[in-house]
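Novice: generate coordinates for the sequence data below:
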Amino acid sequence: DGPPLKDDPKFSKYIKMMKMGLPKEAAKHAMVRDQLDPCILDMDPEKSLKSQAKGDDDGPPLKDDPKFSKYIKMMKMGLPKEAAKHAMVRDQLDPCILDMDPEKSLKSQAKGDDDGPPLKD
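Specialist: Model (predicted):
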């Protein structure tokens, strides 16, 4: 399965940044700078990347999900991914969803146990 994210040499320095008090957004920016997926910091650092990347596929694929299909369609029509992500932020949705596989459901790609505050609908 691989090491937990906090012990993975590829990601441990970003998790350590947050442990030292750096805001998550700053650590995510450092990951983007280093050409890594910043959404990894939303995952459980105690589990491996592989264990969190797979799962049962239940629910519609993102491209067919009514909540997200319009943003995926924006990109298909030639709009840059960053512009579609901005539209998601404007609509109070998580823009990291556009970094996921549109052929798989959100549930199969999302972190299983959420310990953060509830998000607005």
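
Novice: any idea how far residue 63 is from residue 39?
Specialist: The gap separating residue 39 from residue 63 is 18 Å, by C-beta to C-beta, to the nearest Å. Yep, even glycine has a C-beta here, placed from its N, CA and C like the rest.

Novice: tell me where this structure has strands.
Specialist: Using DSSP state E, no strands are found in the chain.

Novice: contact partners for residue 69?
Specialist: 62-63 (C-beta atoms under 8 Å, 6 or more residues apart in numbering).

Novice: switch to 7 Å and redo it
Specialist: residue 63 (C-beta atoms under 7 Å, 6 or more residues apart in numbering).

Novice: hang on, the earlier thing: so between residue 39 and residue 63, which is more surrounded?
Specialist: Per other C-beta atoms under 10 Å, whichever of residue 39 and residue 63 has more neighbours is residue 39, with 18 against 15.

Novice: isn't that one right up against residue 97?
Specialist: No - using C-beta atoms under 7 Å, residue 39 is not in contact with residue 97, being 8.6 Å away.

Novice: now the residue positioned nearest the centre of the chain: how far from residue 73?
Specialist: Centroid-nearest residue in the chain: residue 39, 3.4 Å away (criterion: C-alpha atoms, centre = their mean). Distance, residue 39 to residue 73, using C-beta to C-beta: 21 Å.

Novice: cool, thanks, signing off.
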